[in-house]
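1. what follows is a predicted structure for the sequence shown.
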Amino acid sequence: MTDLSAVKAALKAQEIETPSWGYGNSGTRFKVFAQEGVPRDPFEKLEDAAQVHAATGVAPRVSLHIPWDRVEDYAVLAAFAGERGLTLGAVNSNTFQDDDFRIGSVCHPDAKVRRKAVEHLLECVDIMDATGSRDLKLWFADGTNYPGQDDITARQDRLAEALAEVYARLGDEQRMILEYKLFEPAFYTTDVPDWGTSYAHCLKLGPKAKVVVDTGHHAPGTNIEFIVAFLLREGRLGAFDFNSRFYADDDLMVGSADPFQLFRILHEVAKNDGFAPGKQVAFMLDQCHNIEGKIPAVIRSVMNVQEATAKALLVDLDALGAAQQAGDVLGANAVLMDAYNTDVRPLLAEVRAEQGLNPDPLAAYRASGWQQRIVAERVGGTQAGWGA
Ligand code: RM4
Ligand code: MN
């Protein structure tokens with residue numbers, strides 16, 4: 001039997017980090033549709049993130065993206081967040097939008113370009129010092145498009161050298177979290193294409209380097225929960241970038257395409273104690289809301305993670321272990337499916353009510369009047385976004 005009060009306590013303690021870029025305009029390479037009321041600067045993004053936290057109670061941190069969230073004084077930004085009950089989370093570097101990075105950043109054949117990329121990463125650590133952020137999140141668009149274009153091994157050497165320099169700059173409480181992605185924008189080789197490459201570099205760097213699993217960055221059919229279990233066992237799972245995909249890196253709302261996969265992933269987290277604060281696994285969203293309302297979409301995403309978490313926490317691990325030990329294939333599978341098929345919405349409504357929240361976060365947001373306010377007030381200026 002699962003201890004319901006422990007499940008509730010775990011749900012109340014959960015923290016989901018939302019991405020600053022999720023509040024801005026985004027789109028595909030075909031079109032970016034602007035929406036009314038969208039933030040014009042990082043401060044307004046934090047105001048929106050505060051609405052998500054107010055409605056859900058479990059979204060107290062916001063990831064930044066540099067240079068998209070560049071401000072004059074990062075301590076001021078951190079204080080602004082603090083006044084709204086938020087803290088600043090991972091600092092995401094950007095080595096994919098500068099013209100100099102056409103054929104690579106830290107893996108570029110030209111040492112001058114590599115220097116520029118490393119300087120940017122070091123600047124991100126300076127920003128972390130000012131914001132109090134723990135994590136430097138690295139995703140490299142580096143790779144090649146054509147066979148023979150560059151030396152695969154030399155690119156790994158350049159990558160290792162850059163990572164080592166940045167790693168050496170980290171403070172005692174800071175971490176480097178290294179994200180992998182199968183392909184895109186590079187279409188032939190990618191320099192950090194999979195968890196194994198990220199893990200191998202992290203092992204060489206040291207204990208402050210961990211792997212980021214972005215759920216949208218795998219080949220179709222990849223067993224992501226296996227990767228999660230493996231990395232947790234090795235103490236190298238640093239963070240999740242949650243989102244959903246139907247085809248490639250679609251960045252749709254987490255839990256929308258395949259809620260069962262999200263449950264299986266979070267079951268491995270629960271089973272391997274990954275929700276314990278001491279494990280320092282960051283649960284982040286990395287999504288873009290191209291056609292739907294942004295703040296409600298982030299709220300819905302947070303709720304989807306909560307629902308999958310609740311189901312994962314409801315798995316009767318004693319019964320599961322007993323069935324596994326007995327070689328009871330169908331029995332073990334049934335224990336898992338019983339938890340997955342539980343409607344956890346009443347449980348989460350109860351948890352929210354106990355926290356003094358509206359049991360329905362989306363209704364709470366609608367009732368807050370925030371959307372009407374930002375549509376009326378955020379007029380003029382330049383909206384934040386990719387502007388593709
Ligand atoms: C990348 C990657 C990073 C995110 C950017 C916006 O595809 O997933 O995590 O920072 O997108
Ligand atoms: Mn990501």
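-> Cool, got the structure. Ligands and ions are numbered 1, 2, ... in the order given.
2. who in the stretch 151-300 of the chain is up against ligand 2?
-> Applying Cβ under 5 Å from the ion, we find that the stretch 151-300 of the chain lies next to ligand 2 at 214, 241, 286. In short, each C-beta sits where N, CA and C put it, glycine included.
3. and the closest residue to the last one other than its chain neighbours, which of the three is it?
-> What it means is residue 286. Among residues not flanking residue 286 along the chain, residue 241 sits closest, at 3.6 Å (Cβ to Cβ, 6 or more residues apart in numbering). Put simply, residue 241 is strand when judged by DSSP: H, G, I helix; E, B strand; the rest coil.
4. mind listing what residue 274 touches?
-> Contact partners of residue 274, counting by Cβ atoms under 8 Å, 6 or more residues apart in numbering, are 228, 232, 237, 268, 281.
5. kindly report the same for residue 207.
-> residue 235.
6. ok, it to ligand 1 distance?
-> 22 Å (Cβ to the nearest ligand atom, to the nearest Å).
7. next up, phi/psi of the residue in the chain sticking out farthest from the centre, please.
-> Within the chain, the residue lying farthest from the chain centre (Cα atoms, centre = their mean) is residue 326, at 37.6 Å. Backbone geometry at residue 326, expressed as degrees, to the nearest 10, gives phi -80, psi 0.
8. wait, isn't residue 125 in contact with residue 168?
-> No - using Cβ atoms under 8 Å, residue 125 makes no contact with residue 168, being 10.2 Å away.
9. which one of these two has more residues nearby?
-> Neighbours per residue (other Cβ atoms under 10 Å) separate residue 125 from residue 168, with residue 125 holding more: 19 against 9.
10. pretty sure that one is in a strand, no?
-> No - applying three-state DSSP, one finds residue 125 to be helix, outside a strand.
11. skipping adjacent residues, who's closest to it in space?
-> Here the residue nearest residue 125, using Cβ to Cβ, 6+ apart, is residue 169, at 5.1 Å.
12. where does this structure have low pLDDT?
-> For the chain, the stretches flagged by pLDDT under 70 are 1, 387-388.
13. check whether stretch 111-122 contacts ligand 1.
-> No - using Cβ under 6 Å from any ligand atom, stretch 111-122 never reaches ligand 1; the gap is at least 13.4 Å.
14. could I get the buried residue list for that stretch?
-> For stretch 111-122, the buried set under the neighbour-count rule, 16 or more other Cβ atoms under 10 Å, comprises 113, 114, 116, 117, 118, 120, 121.
15. most surrounded residue in the contacts of residue 274?
-> Neighbour counts for those peak at residue 237, which has 28 neighbours (criterion: other Cβ under 10 Å).
16. now name the helix or strand holding the closest residue to it other than its chain neighbours.
-> Among residues not flanking residue 237 along the chain, residue 231 sits closest, at 3.8 Å (Cβ to Cβ, 6+ apart). Using DSSP states H and E, residue 231 falls within helix 224-233.
17. and for residue 296, the neighbour number?
-> Residues lying near residue 296 (other Cβ under 10 Å) number 18.
18. thanks a lot, see you next time.
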